[in-house]
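Colleague: quick one: sequence and predicted model below, then my questions.
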Amino acid sequence: MAITVNIYYSGANGNAKRFAEEMVANGIVNDIRAEEGNLKYEYFFPMEDQETMLLIDSWKDQHSIDVHHASPMMARITELREKYDLHMRVERYVSDENGAPVTDSEFIRE
């Protein structure tokens, strides 16, 4: 049962984008992607909101998230959030082990 967390980081004056750039430049993103149980860690930028960034963060299970949250890496991430004065809105999703229903297939182009 995979768990996906969507984190919307909002700031001012381009700080959300600068945060993501520093996360990448410092190797933190690659370190997170290499953690046991991480399935996805990707940033996206909404077209209609230049001051918000979406992080899609997906993990194998809750234990993997707990280990990540207990790691020293979280202190580095927290420092950067503070540095860029970012605020967060979080959505959490649990995967459907059965996958998409067959009726959805006509709307999915692979």
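Modeller: Looks like it arrived, so ask away.
Colleague: let me see the ranges of the strands in the chain.
Modeller: Applying DSSP state E to the chain gives strands spanning 3-10, 38-44, 52-59, 87-94.
Colleague: quick one: closest of the ones you listed to residue 73.
Modeller: strand 38-44 (11.2 Å; CB to CB). (Glycine included, C-beta is placed from N, CA and C.)
Colleague: for the closest one, buried residues please.
Modeller: Within strand 38-44, the residues that count as buried by 16 or more other CB atoms under 10 Å are 38, 41, 43.
Colleague: nearest to residue 59 among these?
Modeller: Using CB to CB, residue 38 comes nearest to residue 59 of the buried residues of strand 38-44, at 6.0 Å.
Colleague: report the beta-bridge partners for the closest one.
Modeller: On the basis of DSSP bridges, residue 38 is bridged to residue 59.
Colleague: OK, contacts around it?
Modeller: 32, 57-60, 64, 68 (CB atoms under 8 Å, 6 or more residues apart in numbering).
Colleague: which two in those are spaced the farthest apart?
Modeller: Farthest apart among the contacts of residue 38 - using CB to CB - are 32 and 60, which lie 13.4 Å from each other.
Colleague: of these two, which one has the most company?
Modeller: Of the pair residue 32 and residue 60, residue 32 is the one with more neighbours under other CB atoms under 10 Å, namely 17 against 14.
Colleague: sorry, back to before: most neighbours among the contacts of residue 38, which one?
Modeller: residue 59 (22 neighbours).
Colleague: what sits against that residue?
Modeller: By CB under 8 Å, 6+ apart, the neighbours of residue 59 are 2-5, 37-39, 65, 68.
Colleague: now the helices for this protein?
Modeller: For the chain, the helices defined by DSSP state H cover 15-25, 28-33, 62-70, 73-83.
Colleague: can you say which of those helices is packed in most?
Modeller: Mean neighbour count (mean count of other CB atoms under 10 Å) peaks for helix 15-25 among the helices of the chain, with a mean of 17.
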